[in-house]
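1. how does the following fold in three dimensions:
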Amino acid sequence: AFTNKIHEFKRAYARRYERLCSVQLESQVQKHKYTLDGNSVGVTIICSLAGGTGSGCFIEAARVIRELSNKTPVNITAYLLMPSVYMGRIEGQEAEQEVQANGYAALRELNALSALTREGFRAPPLWIDNLKNLRPGSDPFSQIYLVDAWNDAGQTLAAPYDDDAYDMVADALYFDFEQS
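-> Residues are numbered from 1 along each chain as shown. Below is the predicted model of the structure:
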């Protein structure tokens, strides 16, 4: 799905990025009594790791955003909703296992990319012989938040969990925007 729309995604992001980097935007923002940090552009990716397009494209989307952001540095923040957030809506053990497997695969891929440096993998040299040339120039994300259905104290979101998770992410974005 994402690969079929990659060119559309690139065009849409490039238009928005150009607008963010324009001088016109600064005067529009000042009308609302905000200021722009001209040192970087912030991009937020919000998606599920339970399966579907989001869990399959969030890393590629971040890579494309970094690639197209050549005028000023870009800070990419990801809010990744874990499969547990959707368990209140999933019926059947087989479906639950599939959703959990999707999340596991997405996290493994993210972990592998985050373990890369400009010199290659941080893993032992036996792992890097054939993979050195496949590394990206930098980590895909500046910051990642994993949103789960429960916290360290064992407290859970109200079922169905996804509604509370969406509200939690919206609140986090609001407070982050207010602080900047």
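2. can you tell me which residues contact the most centrally placed residue in the chain?
-> Nearest to the mean C-alpha position of the chain, counting by CA atoms, centre = their mean, stands residue 78 at 2.9 Å. By CB atoms under 8 Å, 6 or more residues apart in numbering, residue 78 lies in contact with 44, 45, 46, 47, 58, 62, 141, 143, 144, 145. Placement of C-beta: from N, CA and C, glycine included.
3. how about a cut-off of 10 Å?
-> Counting by CB atoms under 10 Å, 6 or more residues apart in numbering, residue 78 touches 43-47, 58-59, 61-62, 110, 140-146.
4. wait, a strand at it?
-> Yes - counting by DSSP: H, G, I helix; E, B strand; the rest coil, one finds residue 78 located in a strand.
5. re earlier: cross the contacts of residue 78 against strands and list the overlap.
-> Applying DSSP state E to the contacts of residue 78, the entries found in strands are 43, 44, 45, 46, 47, 143, 144, 145, 146.
6. beta-bridge partners for the nearest residue to the third one once chain neighbours are set aside, please?
-> This means residue 45. Counting by CB to CB, 6 or more residues apart in numbering, residue 78 is the residue found nearest to residue 45 once chain neighbours are left out, at 4.7 Å. Judged by DSSP bridges, the bridge partners of residue 78 are residue 45, residue 144.
7. where does residue 78 land on pLDDT?
-> Note for residue 78: predicted pLDDT of 93.
8. what distance do you get for it to residue 106?
-> Counting by CB to CB, to the nearest Å, the gap from residue 78 to residue 106 is 11 Å.
9. overlap of the contact sets of these two?
-> Residues touching both residue 78 and residue 106 by CB under 10 Å, 6+ apart: 47, 58, 59.
10. neighbours around the residue lying closest to the second one once chain neighbours are set aside, how many?
-> Spelled out, that is residue 58. Excluding the flanking residues, the one nearest residue 58 by CB to CB, 6+ apart is residue 47, at 4.9 Å. Using other CB atoms under 10 Å, residue 47 is surrounded by 18 other residues.
11. same question, residue 40
-> That count, for residue 40 with other CB under 10 Å as the rule, works out to 12.
12. got the confidence number for it?
-> At residue 40, the model reports a pLDDT of 75.
13. thinking again about what came up before, what subset of the contacts of residue 78 is buried?
-> The neighbour-count test (16 or more other CB atoms under 10 Å) marks 43-47, 58-59, 61-62, 110, 140-142, 144 as buried among these.
14. quick one: which of these is nearest residue 165?
-> Distances from residue 165 to the buried ones among the contacts of residue 78, taken as CB to CB, are shortest for residue 46 (10.2 Å).
15. so what's the closest one up against?
-> The contact partners of residue 46, by CB under 10 Å, 6+ apart, come to 54, 58, 77-81, 145, 147, 166, 169-170, 172-173.
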